[in-house]
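1. Just to be clear, the model below is a prediction. Sequence and coordinates:
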Amino acid sequence: MKQKALWINQIKGLCICLVVIYHSVITFYPHLIGLQHPLSGLLAKCWVYFNLYLAPFRMPVFFFISGYLIRRYIDEVDWRTSLDKRIWSIVWVLALWGVLQWQALTHLNAWLAPERELATSSNAAYADSFSGFVLGMITASTSLWYLYALVVYFTLSKLLSRWKLPVLGLLALASIAINFLPLPWWGMNSVVRNMIYYSLGAWYGAELMAWMKSVNLRRIWLATGAFAAVSVVLWFANVPLLLSLLSIVVIMKLFYSLEQRYAVHPNNLLNVIGSNTIAIYTTHRILIEAFSLFLIGEMNAASWPVWAELTLVLVYPFASLFICTLAGLGVRKISTALFGDVFFSPPSTLTLSPSTR
């Protein structure tokens, strides 16, 4: 990887870490009903609220970077090559890991929490039939909705690239409207809400990057502060668009400035994680389900010493992130070494245009 791109890869690494922490929190803390110490309950609430406050910074930045990195395919690469490189390769991973997650989560729940009532129609991974699983995947009701969104976003961004400005306006309106008029499928709501950021990166990412590198935020601190204040007010009014746009600029400026000041090594931890986002994204949900099903039962049974309970409630998201990251990197290495990376890219016999590989 070229040195100049390392800071972008580090942002990807940060984003996937926030995604893992997000899933770790929502599958664990809201279900703790038997905590022994009041401080444990307070810490659990702090994690839930912290997770909520990270929402404008997590997926918008992730999607902007994703769009920025594929802009060449939008303007220069033909549809046949794009279909192979940018659509089919993602559809393969989405379908394969959709099935693996469905089977893994179904068996984990039957083993660790057979009494648990699952909302089988809310997530494809909890479906009680193949038709229910397919419907969940089609409607983006899946923990893998990020991959679903990448396919939809790329296709529409390439199709609509001639009408960038009016389409961006419509996407901005849709991103706001979906907060007040949601669709029946939670994943599809997220897909609609975040397309503006991907398209912005794909269509205007180069210009925005050049502006971001040249602007000195300290010289326009008053305007930046005013924009931030308005953004926060709108966020509390359930309109996170401006705060998300501000977070994209600030996070990119931070990582770019750090790279200018300090040498970034290719083996930097965030860079390694950023180079393996798909592997961590696809594998972490299975591990988190296993962790939460086991530990929730233990915590609610009040069988641990108070000091152990407090320690777990405090550090659980970090411990989960550490294990999930190591597991994702390990699965990727095994997939590459033993199976030709078939778990994260289509077999060569199934590619649509073998000559491009």
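-> The structure has been received and is ready for your questions. Residues are numbered from 1 along each chain as shown.

2. Could you list the low-pLDDT ranges of the stretch 201-350 of the chain?
-> Filtered on pLDDT under 70, the stretch 201-350 of the chain yields the residue ranges 349-350.

3. please redo it, this time with the cut-off set to 90
-> Confidence mapping of the stretch 201-350 of the chain against pLDDT under 90 gives the ranges 213, 215-221, 258-270, 297-298, 300-303, 338-340, 346-350.

4. packing partners for the helix or strand Val313 falls within?
-> Counting by DSSP states H and E, the element that carries Val313 is helix 306-339. On a contact count with 3 or more Cβ pairs under 8 Å, 6 or more residues apart in numbering; DSSP states H and E, helix 306-339 meets helix 6-26, helix 38-53, helix 269-274, helix 277-300. Bear in mind the C-beta positions are built from the backbone N, C-alpha and C, glycine included.

5. what does stretch 51-61 rub up against?
-> By Cβ atoms under 8 Å, 6 or more residues apart in numbering, the residues outside stretch 51-61 that reach it are 11, 15, 18-19, 21-22, 25-26, 146, 190, 194, 197, 235, 240, 243-245, 247-248, 251-252.

6. List the buried residues for that stretch?
-> For stretch 51-61, the neighbour count (16 or more other Cβ atoms under 10 Å) marks 51, 54, 56-61 as buried.

7. Check those against Leu183 and report the nearest one.
-> The shortest gap between Leu183 and any of those belongs to Met59, at 16.9 Å (Cβ to Cβ).

8. State the mean pLDDT of the helix or strand hosting that closest one.
-> Element membership of Met59, judged by DSSP H and E, is helix 55-69. The predicted model gives helix 55-69 an average pLDDT of 91.

9. between it and helix 6-26, how many degrees?
-> With axes from the mean of the first three to the mean of the last three Cα atoms, to 10 degrees applied, the angle from helix 55-69 to helix 6-26 works out at 140 degrees.

10. what about the residue of the chain positioned farthest from its centre, distance to Met299?
-> No residue in the chain sits farther from the centre than Pro305, which is 34.8 Å out by Cα atoms, centre = their mean. Applying Cβ to Cβ, to the nearest Å, the value for Pro305 to Met299 is 12 Å.
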